[in-house]
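Colleague: Kindly return the folded structure for what I paste below:
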Amino acid sequence: MTEVSAPASPTTWHLARRSRIRAFRAGPFILILAEGQLPNPGYEVDIQRSPLLIFPPQFNLLWRQRPGIWPTVVVPYRHCEVFRYPVDQPTVTVHHADGQDQVEIQPIGAELAQFGAMVSDRSTDEGSAPGGEEAIGMSANLKFDEAFANALDNLPPFDPPYPDALARVDVVDTAGLFGGLPGFHHLVVRVRRVVT
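Modeller: Numbers count the residues shown, from 1 in each chain. All right, here's what the predicted structure looks like:
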């Protein structure tokens, strides 16, 4: 007989268990890749910036169970997220159910070359708006609004050069990444912010 489980609250995130966490540097961004096992197929995983206001920022590996009835079968997971992260920091702290890991940030290799090209800083490229700042955002659900909101979060803090300065954010590129080492299944949106 197969056991089933249903979540007490499908909207509550908890620190997740992991078997391994790795991080890779691509310009001003890091890719955090977590691997582990889920208690059943009804769980979803996320990596979020910690609400602690410290430098450098820290991150939380989280999971929650989706609504529904799920068989009690352990399943592996691999989840990645991309964040803007200070380029002079050699490690990143990720909190999880068993404590925290100080993860060494590795340079991207050949297996992540396309990802590196996609997130490279193009704000100084010829033809870009002067003073423009760029960032990328990703959505594992292939949703534009999630990727756009993530890209806005990854932009550097906005410091208006004068009162009532208006910032315009343009979408300059949209693409999909599939497969590879992190098991990408992501919509990627690149935005550029200019002050008008």
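
Colleague: buried residues in the helix or strand where residue 105 lies?
Modeller: Here residue 105 sits within strand 99-107, counting by DSSP states H and E. Within strand 99-107, the residues that qualify as buried are 100-101, 103, 105, counting by 16 or more other C-beta atoms under 10 Å. Glycine gets a C-beta too; all of them are placed from N, C-alpha and C.

Colleague: Repeat that for stretch 105-121.
Modeller: Result for stretch 105-121 [16+ other C-beta under 10 Å]: buried residues 105, 108, 112, 115-116, 118-119.

Colleague: what's next to it, contact-wise?
Modeller: The contact list for stretch 105-121 (C-beta atoms under 8 Å, 6 or more residues apart in numbering) reads 22-31, 82, 85, 89-92, 134, 136, 175, 177, 180-182, 184, 188, 190.

Colleague: Inside helices: which ones of those?
Modeller: Using DSSP state H, no member of those sits in helices.

Colleague: Report the central residue of the protein.
Modeller: Closest to where the C-alpha atoms of the chain average out (C-alpha atoms, centre = their mean) is residue 81, at 2.4 Å.

Colleague: Quick check: that residue vs residue 61, distance?
Modeller: 10 Å (C-beta to C-beta, to the nearest Å).

Colleague: shared neighbours of the two, anything?
Modeller: residue 47.

Colleague: can you pull the contacts of the closest residue to residue 184 other than its chain neighbours?
Modeller: Distances taken as C-beta to C-beta, 6 or more residues apart in numbering put residue 177 closest to residue 184, at 3.9 Å, once the chain neighbours are dropped. For residue 177, the contacting residues are 114-115, 118, 138, 184-186, 188, by C-beta under 8 Å, 6+ apart.

Colleague: Could you identify the pair within the buried residues of stretch 105-121 that is furthest apart?
Modeller: 105 and 118 (18.1 Å; C-beta to C-beta).

Colleague: Which secondary structure elements does the lengthiest helix in the chain sit against?
Modeller: Criterion DSSP H: the longest helix present in the chain is helix 144-154. Applying 3 or more C-beta pairs under 8 Å, 6 or more residues apart in numbering; DSSP states H and E, we find helix 144-154 packed against strand 75-84, strand 133-139, strand 167-179, strand 184-195.

Colleague: for it, which positions count as buried?
Modeller: 146-148, 150-151, 154.

Colleague: Domain ranges for the protein, per the record?
Modeller: 1-107, 109-196 (automatic domain parsing).

Colleague: Quick check: residue 14 touching residue 63?
Modeller: Yes: if you go by C-beta atoms under 8 Å, residue 14 and residue 63 touch, sitting 6.3 Å apart.
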